[in-house]
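Visitor: Provided below are the primary sequence and the corresponding predicted coordinates.
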Amino acid sequence: VDFVAGLYYQADKWRQFNTVFATPTTTTLAQLHQDTQSYAMFALVNAHPVEGLTLSLGGRFSHDRKKYSIATQVRTNTTPVGNLTGDAYTEAVMQSLLSGRQLSSFAADLKASWAEFTPRLTVEYRFSPAAMVYANYSQGYKSGGFNSRGTIAENVGPYDPERVNAFEVGAKTDLFDRLLRLNVAGFVNNYRNLQGSVTKMGAVRAENITTNIAAAKIYGFEAEALLRPADGFTLGANIAYLHAR
C-alpha cells in the first residue's frame, strides 16, 4: 500500500467599484466586497493485492465560504453634457450626478457556504510494462458564488454549486518494442446544476450573470496512435467523438 494525504487552505479578498453610464442620462454606481475562504482535506490510497493490479480509493472534503456585500445606486443626471466624449464626458456626468436625483438603490450583506465530499475510485491492471487498462469513477464539485455585476437581488444570487459524476475506461499501450503507441479512452460526464452565463435585466440595463442553467450529459471516446518507423521519423493520428446534451 502507498498513499498521499494533505490539507489545503486559501483565503482571498476582492474589492470592486463600478461607475456605469447606462444611458446618457442615467448612471449606476456600485461598491462590491467579497471575502472567500476555502479549505479541504484529501487522501488517496493505492493498494497492490497482486502483481500488476492497483486499486485506488480517494476522497476530498471541500468547504467554501463567501461573504459578499453590495451597495448600488441608480441616479439620473439633471445637467446636459452635450456632445462631450472621453474623460471630459465622464467628468461632466459625475458633476451632474451631484445635482441629480436617486432613482433607486439596492444594498445587501450576504454570505453563503458549501461543503462537499467527492470520492474517486480507480482500478488499473498492467499486463506488462508496455500495456495497461484502467477504469475510473470520480465526482467533481465547483462552489457556488455571487455576481458582482448584479444590481437587483435576483441577479446577485447566490447561485448553487456545480457537481459532476465522471466515468472513464481506457487502455494505454506501447507495442512492438515501442514501435507503435496506441491509447484509447471512453468517458461519460453527468452534470447537475451546470453553471453558465446568461443575460437578465437589471435595475436599468441587461446584465451578464452566472447562474445554474441546466443538467448536462457529455460522453465520447478518443483514440491516439503514434508510429515510429525509423529514428527521427514519426507518424501520428488521432480521432475523437463527443456528444453533449
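Guide: Great, that's in hand.
Visitor: please count neighbours and contacts with C-alpha atoms only from this point.
Guide: Will do.
Visitor: pretty sure Leu32 sits against Lys67.
Guide: No: using CA atoms under 8 Å, Leu32 makes no contact with Lys67, being 10.8 Å away.
Visitor: which residues are in contact with the helix or strand hosting Ile239?
Guide: Ile239 is part of strand 233-244 when elements are defined by DSSP states H and E. Residues outside strand 233-244 that contact it (CA atoms under 8 Å, 6 or more residues apart in numbering): 216-228.
Visitor: try stretch 143-156
Guide: 32, 64, 66, 68, 72, 106, 112, 114, 157-162, 200, 202-203, 207-210.
Visitor: looking at the residues you listed, which are in strands?
Guide: Among the contacts of stretch 143-156, the members found in strands (DSSP state E) are 32, 64, 66, 68, 72, 106, 112, 114, 162, 200, 207-210.
Visitor: now the buried members of those.
Guide: Neighbour counting by 16 or more other CA atoms under 10 Å classes Leu32, Asp64, Lys66, Tyr68, Thr72, Ala112, Trp114, Glu162, Glu207, Asn208, Ile209, Thr210 among the ones in strands among the contacts of stretch 143-156 as buried.
Visitor: and the residues you listed, which is closest to Ala131?
Guide: When those are compared for distance to Ala131 (CA to CA), Glu162 wins out at 35.5 Å.
Visitor: surely that closest one is in contact with Leu194?
Guide: Yes: using CA under 8 Å, Glu162 makes contact with Leu194 at a distance of 5.3 Å.
Visitor: need the residues touching each of these two.
Guide: Asn212.
Visitor: quick one: contacts of the helix or strand harbouring Val4?
Guide: Element membership of Val4, judged by DSSP H and E, is strand 2-23. Among residues not part of strand 2-23, those counted as contacts by CA under 8 Å, 6+ apart are 27-47, 204-205.
Visitor: quick one: pLDDT of the residue nearest the centre of the chain?
Guide: Nearest residue to the geometric centre of the chain (CA atoms, centre = their mean): Lys142, 6.1 Å. On pLDDT, Lys142 comes in at 94.
Visitor: lowest average confidence, helix or strand, in the chain?
Guide: None of the helices or strands of the chain scores lower by mean pLDDT, DSSP states H and E than helix 86-98, at a mean of 62.
Visitor: can you give me the distance of Glu116 to Phe61?
Guide: The spacing between Glu116 and Phe61, counted by CA to CA, to the nearest Å, is 6 Å.
Visitor: pLDDT of stretch 223-230, averaged?
Guide: Here the average pLDDT along stretch 223-230 is 94.
Visitor: distance between that stretch and the chain's centre?
Guide: In terms of CA atoms, centre = their mean, to the nearest Å, the centre of stretch 223-230 is set 35 Å apart from its chain centre.
Visitor: do stretch 193-206 as well
Guide: Counting by CA atoms, centre = their mean, stretch 193-206 comes out at 17 Å from the chain centroid.
Visitor: swap in stretch 159-173?
Guide: For stretch 159-173, the distance to the chain centre is 14 Å (CA atoms, centre = their mean).
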